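Q: just coords:
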Ligand SMILES: O=C(O)CCC(=O)C(=O)O
Ligand SMILES: [Fe+2]
């Protein structure tokens, strides 16, 4: 008899099902004079207000599929380099936000201080990932990008690919923030002068393969629960899965839901500074990366159960920030009187550097 394989979907980290994220098309937002643009801006803002996460579609005129493929290809090639080559382009300091971070260097976290993050590291272990961080091509004096371009031709091509992609994502940030501005009843160019420097961060992520049982029953994670720091994050993920968002606690106790990889979409989420800027009108939703759904094959001929290792996962995140010099305080229309501002004003750089110092090791 031919072996019959059963393929139950198992997930050690708990999931309350698939997250019902809104789908938002970029197309009408690209032409603000089009009749659909206004409605699209409201739909965009509504998505950030209700779930804080959305799937963006129809973006290929700004970010072609072939560019995304090139970035993933160059990323996989980079992470496959020998460790000394990767270490030769290591992040010089936590706030430089440029260069390679070996597994364990960063632990994304909800905790705000280095001491609290250290305690969390002891309890749940380090993130199971390595990253390469890229800052704006308009390099800040004293904070150069450690490119791998001195290594070989592939290193030179890597630099060009990433710089090109960085600028396209920078443009996407401007377009989406214009949509948010219109949705909030602000001038369409309200945010432009506070975003034009491009103090953003392109992050390549590699989550190495994990042996069966390596997630220790859901205790270990590829990336711990956290919220992002800046305005918006664009997430490009492979087909592996494992990203989860926190479910709003509507009386049912909350929990985590899967953000399934969907072809031809970018996952977009709002970060903490956006929530703060909007006086909490916009949600910065917690998320994490856990053991992906996987298949356990049972073979009747041997009556043995084989639990496979978890394959690697690659993703690319583009973290958007206001210009470092921007002053972030409650936006017009989000409060009625001075006392209605939930947070004190803060300089974008001070806020971001505080978060980086807590979560990235020296
Ligand atoms: O890899 C992912 O899917 C998410 C990564 C992430 O949330 C982060 O790096 O902030
Ligand atoms: Fe994140």
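A: Good, I have the coordinates. What you see is a predicted model, and the numbers here were worked out from it, not measured in a lab. Ligands and ions are numbered 1, 2, ... in the order given.

Q: who does the one helix or strand residue 154 maps to touch, helix- and strand-wise?
A: Applying DSSP states H and E as the criterion places residue 154 in helix 153-183. With contacts taken as 3 or more CB pairs under 8 Å, 6 or more residues apart in numbering; DSSP states H and E, helix 153-183 sits against helix 27-30, helix 37-50, helix 65-79, strand 130-134, strand 201-207, strand 232-237, strand 313-319. C-beta coordinates here come from the backbone N, C-alpha and C atoms, glycine included.

Q: in that helix, what's buried?
A: For helix 153-183, a neighbour-count test (16 or more other CB atoms under 10 Å) marks 155, 158-159, 161-162, 165-167, 169-170, 172-174, 176-183 as buried.

Q: surely residue 113 meets residue 357?
A: No - using CB atoms under 8 Å, residue 113 is not in contact with residue 357, being 9.1 Å away.

Q: Stretch 225-243 close to ligand 1?
A: Yes - residues of stretch 225-243 are located near ligand 1 by CB under 6 Å from any ligand atom, namely 228, 235, 237, 243.

Q: and that stretch, which residues are buried?
A: Neighbour-count burial for stretch 225-243 [16+ other CB under 10 Å]: 225-237, 240-243.

Q: Would you enumerate the residues in contact with the residue nearest to residue 31 when sequence neighbours are not counted?
A: Distances taken as CB to CB, 6 or more residues apart in numbering place residue 37 nearest to residue 31, at 6.3 Å, with adjacent residues excluded. By CB atoms under 8 Å, 6 or more residues apart in numbering, the contact set of residue 37 is 28, 29, 31, 182.

Q: now, among those, which is nearest to residue 198?
A: Ranked by distance to residue 198 (CB to CB), these are led by residue 29 at 19.1 Å.

Q: gap between the closest one and residue 56?
A: Separation of residue 29 from residue 56 (CB to CB, to the nearest Å) stands at 10 Å.

Q: do residue 173 as well
A: Separation of residue 173 from residue 56 (CB to CB) stands at 12 Å.

Q: what does the protein put close to ligand 1?
A: Those residues of the chain that sit near ligand 1, judged by CB under 6 Å from any ligand atom, are 108, 203, 205, 223, 228, 235, 237, 243, 287, 289, 315, 317.

Q: Take the residues you listed and lay them out in a markdown table including pLDDT.
A: Formatted as a markdown table, the residues of the chain next to ligand 1 follow (pLDDT from 0 to 100):
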| residue | pLDDT |
| --- | --- |
| 108 | 69 |
| 203 | 98 |
| 205 | 97 |
| 223 | 89 |
| 228 | 96 |
| 235 | 98 |
| 237 | 95 |
| 243 | 96 |
| 287 | 96 |
| 289 | 94 |
| 315 | 97 |
| 317 | 98 |
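
Q: okay, among these, which ones form the most distant pair?
A: Maximum pairwise distance in the residues of the chain next to ligand 1, criterion CB to CB, is 15.7 Å, between 108 and 237.

Q: re the thing from before, nearest to residue 13, of the residues of the chain next to ligand 1?
A: Residue 13 has its nearest neighbour among those in residue 289, at 9.5 Å by CB to CB.
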